[in-house]
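Dropping the sequence and predicted coords here.
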Amino acid sequence: MGDDPASRVYVNNKKKACADLGIYSEEYALPAETTEEELLDLIKTLNKKNDISGVLVQLPLPKHINEKTVLDTIDPKKDVDAFHPVNVGKIMVGDFDFVPCTPAGVMELIKESGIDVAGKDCVVVGRSNIVGKPQAMLLLHKNGTVTICHSKTADLAEKTRKADILVAAVGIPNFIKGDMIKPGAVVIDVGINRVAEKKLVGDVDFEEAEKVAGAITPVPGGVGPMTIAMLMRNTLKAAELNNTKGEK
Ligand code: NAD
């Protein structure tokens, strides 16, 4: 909804990923003045459509729309972003169909790099419902010892310096400096911050951090593409759950 330029880029990337994989997709680009009721009606219609496996609402929404009401309206079985409270609860108990795409992408990067989370000190900086909280839960499920830091954390650097695995999801450009990182640590940068017309940087000061870290993800090109890959994985899962695979 509306014309957020970052949302436009994200939606285009998601549509392209669908097209590349042969997943049918529909986009509803609603004007900013659309009412909440109209948006909810559209979601309810898509919930019922047999040829649609997954529904996602690109955030942020305009201020007159209650984000929670919107996310709560998506059928949990079609909730490919995993933001519905039913799916959030399932993640908490460790019995889930969908995992929020960004934290799932981080876990996949860790796994594919041959890094074992069990017993490691993991520090997640950021406690949003979209990234920080589910990230902490997924690391916990893999037997990491997890600390969640946020805007009110005292002595942040003291905490981050203890991390064997450090995940930054803060939204402040170059926030994590080299001296906040334990030598040899795995550093995963979720941040995407636009600092100039065509320049994106992460939450980690890459130049400083790469000298200290044992492994580090770049921005762009690290967690971002993984997020989209995980959305595609959730969509396939949704097709299986809803028995809609191949019906279109
Ligand atoms: P958010 O604004 O909802 O949350 C930011 C978190 O950072 C908050 O929990 C806050 O407590 C914490 N924080 C703020 N200032 C802090 C400080 N000084 N010290 C410690 N913690 C502090 O953001 P979000 O949605 O979690 O996103 C975080 C970043 O990740 C953004 O840059 C966003 O663009 C990016 N992001 C990337 C992807 C991707 O696909 N790579 C997906 C989602 C978000």
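Thanks, I have it.

In this structure, where's the longest helix?
When the chain is parsed with DSSP state H, its longest helix is helix 223-242.

Next, the most centrally placed residue in the chain: secondary structure please.
Closest residue to the average C-alpha location of the chain: Thr102 at 2.5 Å, with CA atoms, centre = their mean. Under the three-state scheme (DSSP: H, G, I helix; E, B strand; the rest coil), Thr102 adopts helix.

In contact with it, which residues?
Counting by CB atoms under 8 Å, 6 or more residues apart in numbering, Thr102 makes contact with Ile130, Val131, Gln135, Ala169, Val190, Val223, Met226, Thr227, Met230. Backbone N, C-alpha and C define where each C-beta goes, glycine included.

if we go to 10 Å?
Counting by CB atoms under 10 Å, 6 or more residues apart in numbering, Thr102 touches 81, 128, 130-132, 134-135, 167, 169, 190, 192, 223-224, 226-228, 230-231.

Contacting the ligand as well, which ones from these?
Near the ligand, judged by CB under 6 Å from any ligand atom, the entries from the contacts of Thr102 are Ser128, Ile130, Val131, Gly132, Ala169, Val190, Ile192, Val223, Gly224, Thr227.

if I look at the fifth one, how far off is Lys133?
For Ala169, the distance to Lys133 under the criterion CB to CB, to the nearest Å works out to 10 Å.

quick one, what contacts the closest residue in space to Phe83 that isn't next to it in sequence?
Distances taken as CB to CB, 6 or more residues apart in numbering put Leu71 closest to Phe83, at 4.7 Å, once the chain neighbours are dropped. Contacts for Leu71 (CB under 10 Å, 6+ apart) come out as 43, 56-57, 59, 61, 79, 81, 83-85, 87-88, 129.

now Leu71, what's its secondary structure?
helix.

pLDDT score for it?
Leu71 is assigned 97 on the pLDDT scale.

State the mean pLDDT of the host helix or strand of Ala209.
Ala209 is located in helix 206-212, with elements delineated by DSSP states H and E. The predicted model assigns helix 206-212 a mean pLDDT of 98.

for that helix, which positions count as buried?
In terms of neighbour count (16 or more other CB atoms under 10 Å), helix 206-212 has its buried residues at Phe206, Glu208, Ala209, Val212.

Would you mind pulling up the elements that that helix packs against?
Applying 3 or more CB pairs under 10 Å, 6 or more residues apart in numbering; DSSP states H and E, we find helix 206-212 packed against strand 186-189, strand 215-216.

do that again at 8 Å, thanks
Contact partners of helix 206-212 among helices and strands, from 3 or more CB pairs under 8 Å, 6 or more residues apart in numbering; DSSP states H and E: strand 215-216.
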